[in-house]
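*Asks:* predicted model, plus sequence, below.
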Amino acid sequence: MYKSILTFLFALLFVWGMTPQDTPKDYLQADFHKQRRDEVRKLLPPNTAVVLFANAERNRANDVDYVYHQDPNFYYLTGYHEPNAVLVLFSEMQTDAFGNRFNEIIYVQERNAKAEQWTGKRLGVEGVKKELGFDMVFNGKEFENFPLDFSSFDVVSFVDFQNDYRDKSGNADLFDLIKKFKEKANYPSNYNPTRNQLYAMISAADNDNSGDLVETIEKALEQHPELKDDALLNDYVNAANDDLRTEVKNTVLVVQSESNLDSSILPRAMAQLREIKTPEEIKLLKKAVEISSVGQIEVMKAMHPNMSETEIQGVHEYVYKKYGAEYEGYPSIVGGGNNGCILHYIENNKTKVGNDLVLMDLGAEYHGYTADVTRTIPANGKFTPEQKAIYDIVYDAQEAGIKASVPGATFKGVHTASYQVVAKGLMDLGIIKDEKEAKIYFPHSTSHYLGLDVHDAGTYQAFKPSTVITVEPGIYIPEGSDCDKKWWGIAVRVEDDILITENGPVNLSTMAPRTTEAIEAMMKQPSPLDAFQLPALD
Ligand code: GLY
Ligand code: MN
Ligand code: MN
């Protein structure tokens, strides 16, 4: 009896041990990723194989790697978080030698008890079948036995390799997978994705758009010295008339027909899809943005002139973690005074922000989706007249930009709307004399797509509903600028995340105070951090 009770207790403990621990329940579901794969297929030419690799593991120093982050395209299409994997999608159903029918295969990291003891659980083949809903799943080492011949496809489309991955031990790491792919797909050692893209543009060109294309090729030749001797590109640029251009185009078509490799179709398809957010994606993005907005609120309450930039960063990031955001979507930017003039300042090492403005551009990443929210606040809680004058211009510029963020509008339209307000404001203050000079103090564009990447994938065509963009004008007046000294060291950026809808722009970060009045009022609120005292250390 005693023995059976003990057995029962052990069994109970074992079951407890097996019980899955509490983890978030609001991840994207396998159905989402499957549906995205179906959407990619619709954008592929007939008889195409798409080959997409997981992100590389990158080394920080010695035996420590950076925290692994999946390639956003790979995550979008699979939901798989681990490295050393390759997804192959087909535009049509395929049949292997055993009669299996399939339109996708994924090769993943093999399970390995020893490795998992050190670096955490792997899904493995069975886990990927069960959790991610794939049918054809193999260990990476099986990629060697890929059941089809890549040469039988009209197009083999991939995202070209960054060549920043290492050959680790074992025989199925990213290095080996890419090497196998190159062998199997006859990848030439001089493959150049830009040339591939330009050739694709030439073969699709007609005489009406040849002027624009010549300009594009000229720019590319300047930016890619390795292409400067490419005979066909030079012939196209130098062709004296349409007939000669057509001749070059025909030669390009012949050259293209000699290889089925393509690295422009897949990135274009991913941009088209990722630009338009599904309701599930909007939910996660909204959460990331709201978490980041609460971070801004808590910092407004906690801020005082003795704070360091690092400490301010820490408060934002603590709020992110408290809400379960796994990462920051990009290195946090906290710049006091003149440091705010460095657009992507990430040293964050000023020990006291004093009475300056503090520019805080930070975004929580929640289940892969990142926010990108900037607030600029006076460390002592009150804007000086000069700070307020600059701030109000940026605020008005942002209002104009947000108003312009509607379906059918463009990034250029949003930028122009904001730029004009900045230019007029700076002229009114006597800081510049000519509209064009506003570029000196507002040197970046106003908007970008937002999603799995902070600068997200998209087509950069006219806005469509369910797109999320940032609107982020700024004015930066570094010390030594050619204007009255009283403006020196003032840097203001205000950045909000905007959902474009048929009913007008929806500001997802509206929770974070934005007017000078609202910021000053929030900064008067008590902070729980006021009571958070730590012992002094040498
Ligand atoms: N945080 C980077 C940007 O605003 O684009
Ligand atoms: Mn941004
Ligand atoms: Mn930003």
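*Replies:* Done, it's in. Numbers count the residues shown, from 1 in each chain. Ligands and ions are numbered 1, 2, ... in the order given.
*Asks:* can you get me a residue count around the closest residue to Asn207 other than its chain neighbours?
*Replies:* Spatial nearest neighbour of Asn207, chain neighbours left out: Asp242 (4.6 Å); criterion: CB to CB, 6 or more residues apart in numbering. No exception for glycine: its C-beta is placed from N, CA and C like everyone else's. Applying other CB atoms under 10 Å, we find 13 residues neighbouring Asp242.
*Asks:* isn't Asp242 up against Gly211?
*Replies:* No: Asp242 lies out of contact with Gly211 (CB atoms under 8 Å); the separation is 10.6 Å.
*Asks:* would you map the strands across the stretch 301-450 of the chain?
*Replies:* Here the stretch 301-450 of the chain has its strands, by DSSP state E, counting those that start in this stretch, at 327-328, 333-336, 357-362, 364-366, 369-370, 373-378.
*Asks:* C-alpha coordinates for the second one, PDB please?
*Replies:* What that stands for is strand 333-336. In PDB, the C-alpha atoms belonging to strand 333-336 read as follows (Å, rounded to 0.1, in the frame of the first residue of the first chain):
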ATOM      1  CA  ILE A 333      17.800  55.700 -28.800                       C
ATOM      2  CA  VAL A 334      17.900  58.100 -25.800                       C
ATOM      3  CA  GLY A 335      19.700  61.300 -26.500                       C
ATOM      4  CA  GLY A 336      19.800  64.300 -24.100                       C
END
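*Asks:* rewinding a little: CSV for the strands of the stretch 301-450 of the chain, including mean pLDDT?
*Replies:* CSV is the format used below for the strands of the stretch 301-450 of the chain (pLDDT from 0 to 100):
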stretch, mean pLDDT
strand 327-328, 98
strand 333-336, 98
strand 357-362, 98
strand 364-366, 98
strand 369-370, 98
strand 373-378, 99
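*Asks:* between those, which gets nearest to Lys412?
*Replies:* strand 373-378 (21.3 Å; CB to CB).
*Asks:* what about that closest one, near ligand 2?
*Replies:* No: contact of strand 373-378 with ligand 2 (CB under 5 Å from the ion) is absent, the minimum separation being 7.3 Å.
*Asks:* give the other helices and strands that that strand contacts.
*Replies:* helix 279-302, strand 357-362, helix 385-403, strand 490-493, helix 516-523 (3 or more CB pairs under 8 Å, 6 or more residues apart in numbering; DSSP states H and E).
*Asks:* using TSV, please lay out those together with distance to ligand 3.
*Replies:* Below are the helices and strands packed on strand 373-378 laid out as TSV (distance: least, CB to the ion, whole Å):
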stretch	distance to ligand 3
helix 279-302	10
strand 357-362	4
helix 385-403	13
strand 490-493	7
helix 516-523	17
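*Asks:* got CSV for these, with mean neighbour count too?
*Replies:* As requested, the helices and strands packed on strand 373-378 are exported to CSV (neighbours: other CB atoms under 10 Å):
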stretch, mean neighbour count
helix 279-302, 22
strand 357-362, 27
helix 385-403, 20
strand 490-493, 26
helix 516-523, 17
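*Asks:* so where does the residue nearest to the spatial centre of the chain fall, helix or strand?
*Replies:* Closest to where the C-alpha atoms of the chain average out (CA atoms, centre = their mean) is Asp453, at 1.3 Å. Per DSSP states H and E: Asp453 is located in neither a helix nor a strand.
*Asks:* what's the neighbour count on the residue nearest to it when sequence neighbours are not counted?
*Replies:* Distances taken as CB to CB, 6+ apart place Pro72 nearest to Asp453, at 5.3 Å, with adjacent residues excluded. If you count neighbours by other CB under 10 Å, Pro72 ends up with 19.
*Asks:* equivalent analysis for Phe143, please.
*Replies:* Phe143: 21 neighbours (other CB under 10 Å).
*Asks:* leaving out chain neighbours, which residue sits closest to it?
*Replies:* Using CB to CB, 6+ apart, the closest residue to Phe143 is Tyr107 (4.7 Å).
*Asks:* the one you found - how many residues pack around it?
*Replies:* Burial measure for Tyr107: 27 neighbouring residues, criterion other CB under 10 Å.
*Asks:* now it: how far from Glu328?
*Replies:* Tyr107 is 31 Å from Glu328, where distance means CB to CB, to the nearest Å.
*Asks:* any residues of this structure in contact with ligand 1? List them.
*Replies:* Neighbours of ligand 1 within the chain, by CB under 6 Å from any ligand atom: Tyr330, Asp361, Asp372, His448, Val454, Glu472, Glu495.
*Asks:* redo that, cut-off 5 Å
*Replies:* Within the chain, the positions near ligand 1 by CB under 5 Å from any ligand atom are Asp361, Asp372.
*Asks:* what stretches of the chain score poorly on pLDDT?
*Replies:* Counting by pLDDT under 70, the chain has low-confidence residues at 1-20.
*Asks:* residue contacts, the residue in the stretch 101-250 of the chain positioned nearest to ligand 3?
*Replies:* Ligand 3 sits closest to Gln162 of the stretch 101-250 of the chain, with a gap of 23.7 Å, by CB to the ion. Shown in contact with Gln162 (CB atoms under 8 Å, 6 or more residues apart in numbering): Ala56.
*Asks:* next, the buried residues of the helix or strand where Glu222 lies.
*Replies:* Following DSSP H and E, one finds Glu222 within helix 210-223. Within helix 210-223, the residues that count as buried by 16 or more other CB atoms under 10 Å are Ser210, Leu213, Val214, Ile217, Ala220, Leu221.
*Asks:* and stretch 418-435, how far from the chain's centre?
*Replies:* 32 Å (CA atoms, centre = their mean, to the nearest Å).
*Asks:* can you check stretch 382-392 too?
*Replies:* For stretch 382-392, the gap between its own C-alpha mean and the chain's C-alpha mean amounts to 33 Å (CA atoms, centre = their mean).
*Asks:* what's in contact with that stretch?
*Replies:* 357, 376, 378, 425, 429, 475, 477, 486-487, 490, 492, 494, 516, 519-520.
*Asks:* for Lys129, state which of those is nearest.
*Replies:* The closest of the contacts of stretch 382-392, once distances to Lys129 are taken by CB to CB, is Val494, at 47.3 Å.
*Asks:* I'd say the closest one and Val373 touch.
*Replies:* No: the criterion here is CB under 8 Å, and Val494 misses it with Val373 at 9.4 Å.
*Asks:* thinking again about what came up before, ok, the residue nearest to Asp453 to ligand 1 distance?
*Replies:* Per CB to the nearest ligand atom, to the nearest Å, Pro72 is found 16 Å from ligand 1.
*Asks:* the top strand by length along the chain packs against which elements?
*Replies:* Looking across the chain with DSSP state E, the single longest strand is strand 86-95. When contacts are defined as 3+ CB pairs under 8 Å, 6+ apart, strand 86-95 packs onto helix 30-42, strand 48-53, helix 72-78, strand 101-108.
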